[in-house]
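Novice: sequence and predicted structure, then a few things I'm wondering about:
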Amino acid sequence: MSSTELPGVRSTAELSSQVGAVRVAEGEQLRTTVLPGLELAVRVRPPLRTGLPPALFVHGLGGSSQNWSDLMARLADTVDGEAVDLPGFGWSPPPADRDYSVTAFARAVIRHLDAAGRGPVHLFGNSLGGAVSTRVAAVRPDLVRTLTLISPALPELRVQRSAVPTALLAVPGVAALFNRLTQGMGAEQRTRGVTALCYGDPSRVTPEGFRNAVEEMERRMALPYFWEAMTRSSRGIVDAYTLGGQHGLWRQAQRVLAPSLLVYGGRDQLVSYRMAHKAAAAFRGSRLLCLPEAGHVAMMEYPEVVAAAFRELLSDTGTGESDRYTEDGRG
C-alpha cells in the first residue's frame, strides 16, 4: 500500500497562507512536505546519533507540533523524531478538500509516512492526535512500531462538563457565536483560559513558555481559517464518536497490534480519567501510566516521566532498535 508520492521541500519562508514568525526551539528544524492537495509543516529534532528508529508525534485539537518540543528533546537519544502540524493547524495550511475528519487526518499522516518512507515509526498522539494515531495503527499496522497515546480522544458516553464548549463547536453557528462573544478577549486572556483547561497545574508553565504561547495565540487568531479549522475538526471528533462497526474507534483500538503505552492525567478536564482502564482493556497487551496531578497534556507537564515510560516500553518489548537502519541512519 505504499504511495508513490514524493515529498517536496520548501524553506520555512515559503510556507503558504501564514502570518507571523516561525518559532523553532534550539536544535529543531522546520520543513514542509508538499503532496497533491496537501501541505504539511514538519518539526524535526535530529537524533543525537545515527541509526536511531524514527518517531512521529501528532498533536491535539487547537495544538501544533510545538506541543511535542520538550518530549522530543528528551528522546533525542532514543528516536529520530518528527512532529507534524495537522492540516489547518500550526504552520500547515488547510487541506485542499477542507476535510477535517479524523479519517482525513489519519490519511494525511499515512500519506506523509508513505512518501517519506520512514515507517514503521514509534507513533505518539495526544487528544485528537490520539484518535488519529489509533486509526493509523489499526488500518496500517506496517507503519507503526509502537503506539503511545496521551489522553486520546476516544468516545465517551458521558462527556465531562468542562469539555462541553469544545464539543459545541461542532454545532453549526456556534463557532460564529463564540467568536462574537470572545471578540474583546486578548491573546493573553485566551491563553490563560486554554492553559487552565489543559494543564493540571498551570503554574508549571514557565514565564517564557507562557509568552511563547501568547505569541502563538496571536498568530493563530490572525489566520483567516482559524475558526474553520477548529469548528470542522470538532465536528470531525463528534462524527468519529458516532461511527459504529469496524470504523468505530474502540473497535479499531482492539485491532491495534503494536505495543501500546497509554497515559492519562487525573486532572484532565477534556478526557475523563475514568476512561483509562477501558482503554487499557481495549488495546491488547497495553501498559497504562496514570499521573494523578497531570491534566490533558502530560507530555508538556511531565515530559521526563512520559519519556521514561516510553523507554521502559522499548526495553520491555525489544522495539528500541530498527534493523532496517544502517550506521549512517539511512534505510
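Specialist: Cool, got the structure. Numbering: from 1, shown residues only.
Novice: contacts for stretch 293-308?
Specialist: Residues outside stretch 293-308 that contact it (CB atoms under 8 Å, 6 or more residues apart in numbering): 60, 63, 67-68, 70-71, 73-75, 78, 124, 126-127, 148, 150-151, 197-201, 204, 263-271, 289, 291. Placement of C-beta: from N, CA and C, glycine included.
Novice: show me what counts as buried in that stretch.
Specialist: Residues of stretch 293-308 classed as buried by neighbour count (16 or more other CB atoms under 10 Å): 294-303, 306-307.
Novice: could you list which of those belong to helices?
Specialist: 298-301, 303, 306-307 (DSSP state H).
Novice: for those, which one is nearest residue 186?
Specialist: residue 300 (22.5 Å; CB to CB).
Novice: rewinding a little: among the contacts of stretch 293-308, which ones are buried?
Specialist: Buried subset of those (neighbour count, 16+ other CB under 10 Å): 60, 63, 67-68, 70-71, 73-75, 78, 124, 126-127, 148, 150-151, 197-200, 263-265, 268-271, 289, 291.
Novice: buried set for the longest helix seen in the chain?
Specialist: Determined from DSSP H, the single longest helix within the chain is helix 226-242. Of the residues in helix 226-242, 226, 229-238, 240-241 count as buried by neighbour count, 16+ other CB under 10 Å.
Novice: ok, so of the residues you listed, who is nearest residue 43?
Specialist: Taking CB to CB as the measure, residue 43 lies nearest residue 229 of these, at 18.0 Å.
Novice: tell me the pLDDT of the closest one.
Specialist: pLDDT recorded at residue 229 is 94.
Novice: which residue packs closest to it, ignoring adjacent ones?
Specialist: Sequence neighbours aside, residue 88 is the residue nearest to residue 229 in space, at 3.5 Å (criterion: CB to CB, 6 or more residues apart in numbering).
Novice: my guess is the one you found contacts residue 95. True?
Specialist: Yes: counting by CB atoms under 8 Å, residue 95 is a contact partner of residue 88 at 6.8 Å.
Novice: spatially nearest residue to residue 266, not counting backbone neighbours?
Specialist: In space, and not counting its chain neighbours, residue 266 is closest to residue 292: 3.7 Å by CB to CB, 6+ apart.
Novice: and the pLDDT at that neighbour?
Specialist: At residue 292, pLDDT is 96.
Novice: before we move on, what about the one 10 residues further on?
Specialist: pLDDT for residue 302: 97.
Novice: and it, its phi and psi?
Specialist: Main-chain torsions, residue 302, degrees, to the nearest 10: phi -130, psi 60.
Novice: same check on residue 289?
Specialist: Taking degrees, to the nearest 10 as the convention, residue 289 sits at phi -120, psi 110.
Novice: residue 105 and residue 132 touch, don't they?
Specialist: Yes: counting by CB under 8 Å, residue 132 is a contact partner of residue 105 at 4.5 Å.
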